[in-house]
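K.L.:
Here you go, sequence then predicted model.
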Amino acid sequence: MNKFLHCLLAIAALSPGAGLSAASAGQLSVHDISHIVPSAETETSGTQANTQTMTVGYCLEPSISMGTGKGTRIGGALQLNAATVAMFAGNKITAVLVANGSTKSTTTTSAPIEVFCTKTLDGTPIAKATGQMDYTNTKKYNTYEFASPITIEEGQPLYIGFIAEQQEADEYPLTADGYPGHDAINEPGGFYGLTDDYGDFGWSVGPASQYGYPCVKVIIEGESMPTDMCRLSAIGVPYSTDPEQPFTAEIEITNTATNEITSVGISYRIADGEPQTATADLTQPIGYGVSAVVSFPVTYPAEGNNVKFEATVSTVNGRPNGAPETMTSASTTFLSLSPENGFQRNMVVEEATGTWCGWCPRGIVGMEKMKELHSDGTFIPIAVHGNYSATQRDPMTSSSYTSLINNVGGGFPASLINRNKGYYGIVDPDFDNFKAAYADIVNRPAVAKVEIDSIERKSRTTDIYAKVTFGISEPNATYRLAYVITEDEVGPYNQSNYYSYLSQNMPLEGWQDKEPYVSTMYNDVARAISSYNGTANSIPASVTAGEPVTHRGSVSSTAVKNYKNAHYIALLINTTTGCIENAVLYTPSDPSSITDIEADADPDAPVRYYNLQGVEVADPVYGHIYIRRQGSSATKIRF
């Protein structure tokens, strides 16, 4: 992770894991060390002939280091959960490996460190050892040995980690891998020990969603190490397939044993079909902790959505997989749809952005360029503005859209594409990324077409009349509609600009020629969403192909400043996957026009008021625009 290309929310806003104290990290500072090349690793000491040694850890390569201020403590830890402890029961923990942090100080070259093994993070250590973290060998792992090895007992999870003393403000004792996408269930390695603004120390898992895992590993020795064990770490199929065409299923496996893996056997099943098997020989054997992807062809000749695909790694090297059952199986779903029964699929981008975010002009450029290329409604942009802190706020935030900010992990700028995070990931809103995703999305038929027939503005809300037509019948449909209002030409507000020639001076469609703060008019600003996960019962539990489903939704419009610049969006959300199946963007052809209002023949008729869609309004609201009609005269006014 490069902190200079990614604006991050304060860690104090993140939630701790169950049973852990919420350590505030308002003083947390980060140092990018991704460019530093570590010296050679320390060799593990030799063992007796029948004893094997394994290094167990869940972190990737060291990338960033961090600290919490002079005179504070900071630490990192991993957990050997019940499944892992069961695999290594009877063997011994002998040492802890910790990646050295970094410093900008010219006088401090090391920091006191204590490593520990404990049954609970806040409990008394079973064993501990002390030493010095070596800042002169940043990113290199130092080995800290326990005086007496710790026997691993089945049924008792263990925490292994370290706590370092930060002596100066410009020290960064904790090193992390910068990867926020770890599997926290099977590989729980994201425990941070932090000193808060009040000087209290506590443990939290919150920072892992932004900074990845602390770089901590444990050395295990013994004569009964696990063999022929493999974890199914990821499963993937295309999210839409043609029932007349075979497709490729991919399984990511991770070796959790001492011996190398050369082949695996996989059993899989689609929907309610019979179990099938496939065997994959690896082109390159993999050792402990190493992952590989195996693929095999699959066919499913029927149509349907949310079709379940489940797989199990049943054999390793021709022998039964010895890993716990919870680690060997996984499932996913997909859409099987003939192109002739599908509809045009539109691309929805929900982007987390902020006026305070210096790298967010990248998203502004990406969205505008996509709109220029695809003005036919197949690209639907939604700019969701968020705050950085209590003092760095964005005037265009929408409280109804905070779920989007949470779903992108707190990083700005970042976006979701059709909310399909499992397939497209959290997407940097760069134009090239959008362009590549668009080419994939629009060529996949959608299960339904979404339309907006009309809108009706009220005093504080807008009703949206939507229609959804499905291409296939589904007796157990799991869909909801959500409605969004966006607005163009909002502002002007000052946009932070790190691309400026007075800042980082990086090329970006002319932003490098602008000042560090740029007066900006904003487009596609999310004013409100009716419900992030959709409105319950907006789509019936059973749908029939070709029979339209109609729904009237309501969304707040109090934040809209100028209805001439407003757009209305209907999202069809699959509640099984959380993805947006399809969507439509609706812009009234002439927002200031009025239709279907007949003039009275009597010129002495009382005054009547209509909204801009021609609907009579009994109680006009101050400041809103209406059509005032009296007899045969009709005039547009601001009430």
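P.N.:
Sure thing, it's come through.
K.L.:
Now do the residue lying closest to residue 130 once chain neighbours are set aside, the pLDDT please.
P.N.:
Leaving aside its sequence neighbours, residue 130 sits nearest to residue 114 (C-beta to C-beta, 6 or more residues apart in numbering; 5.1 Å). In short, each C-beta sits where N, CA and C put it, glycine included. Per-residue pLDDT puts residue 114 at 97.
K.L.:
Excluding chain neighbours, what is closest to residue 517?
P.N.:
residue 494 (4.4 Å).
K.L.:
Give me the neighbour count for that neighbour.
P.N.:
Residues lying near residue 494 (other C-beta atoms under 10 Å) number 15.
K.L.:
again, but for residue 458
P.N.:
By other C-beta under 10 Å, neighbour count at residue 458 equals 15.
K.L.:
For the residue nearest to residue 130, give me its contacts.
P.N.:
Counting by C-beta atoms under 8 Å, 6 or more residues apart in numbering, residue 114 makes contact with 128, 129, 130, 162, 163, 164.
K.L.:
okay if I get the residues you listed as CSV plus neighbour count?
P.N.:
Formatted as CSV, the contacts of residue 114 follow (neighbours: other C-beta atoms under 10 Å):
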residue, neighbour count
128, 17
129, 18
130, 11
162, 28
163, 19
164, 27
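K.L.:
Can you check which helix is longest in this structure?
P.N.:
Scanning the chain for the longest helix, with DSSP state H as the assignment, gives helix 361-373.
K.L.:
still on that earlier bit, quick one: residues in contact with the helix or strand hosting the residue nearest to residue 517.
P.N.:
Under the criterion DSSP states H and E, the helix or strand holding residue 494 is strand 490-496. With C-beta under 8 Å, 6+ apart as the test, strand 490-496 has contacts from 355-358, 360-361, 364, 395-396, 516-523, 525, 561, 565.
K.L.:
Among these, name the ones in strands.
P.N.:
Judged by DSSP state E, the subset of the contacts of strand 490-496 located in strands is 517, 518, 519, 520, 521, 522, 525.
K.L.:
got a markdown table for these, with neighbour count, pLDDT and distance to residue 228 too?
P.N.:
Converted to a markdown table, those look like this (neighbours: other C-beta atoms under 10 Å; pLDDT from 0 to 100; distance: C-beta to C-beta, whole Å):
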| residue | neighbour count | pLDDT | distance to residue 228 |
| --- | --- | --- | --- |
| 517 | 15 | 96 | 60 |
| 518 | 18 | 97 | 60 |
| 519 | 11 | 97 | 64 |
| 520 | 17 | 97 | 59 |
| 521 | 13 | 97 | 62 |
| 522 | 21 | 97 | 57 |
| 525 | 27 | 98 | 56 |
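K.L.:
Closest one of the residues you listed to residue 64?
P.N.:
When those are compared for distance to residue 64 (C-beta to C-beta), residue 517 wins out at 27.1 Å.
K.L.:
So in terms of bridging, what pairs with the closest one?
P.N.:
Taking DSSP bridges, one obtains residue 496 as the residues bridged to residue 517.
K.L.:
Contact partners for it?
P.N.:
By C-beta under 8 Å, 6+ apart, the neighbours of residue 517 are 494, 495, 496, 497.
K.L.:
can you count the residues close to the second one?
P.N.:
By other C-beta under 10 Å, 26 other residues sit near residue 495.
K.L.:
Could you find the closest non-adjacent residue to it?
P.N.:
Closest residue to residue 495 in three dimensions, ignoring its sequence neighbours and counting by C-beta to C-beta, 6+ apart: residue 520, at 4.2 Å.
K.L.:
what does the last one give?
P.N.:
Spatially, and ignoring its direct neighbours in sequence, residue 497 is nearest to residue 518 (5.1 Å; C-beta to C-beta, 6+ apart).
K.L.:
For my notes, confirm residue 209 occurs in a helix.
P.N.:
Yes. When DSSP: H, G, I helix; E, B strand; the rest coil is applied, residue 209 is found to be in a helix.
K.L.:
correct me, but it touches residue 180?
P.N.:
Yes. Look at residue 209 against residue 180 with C-beta atoms under 8 Å: they come within range, at 5.4 Å.
K.L.:
Need the overlap of contacts for those two.
P.N.:
Both residue 209 and residue 180 are in contact with residue 409, where contact means C-beta under 8 Å, 6+ apart.
K.L.:
tell me, what residue is most central in the chain?
P.N.:
Taking C-alpha atoms, centre = their mean, the centroid of the chain lies closest to residue 408, which sits 3.8 Å from it.
K.L.:
which residues does it contact?
P.N.:
352, 414, 415, 416, 426.
K.L.:
Now that the fourth one has come up, it's in contact with residue 426, right?
P.N.:
The reference is to residue 416. Yes. Between residue 416 and residue 426 there is a contact at 6.9 Å, judged by C-beta under 8 Å.
K.L.:
any low-confidence regions in this structure?
P.N.:
Within the chain, the ranges that satisfy pLDDT under 70 run 1-49, 410, 590-605, 612-615, 621-626, 631-639.
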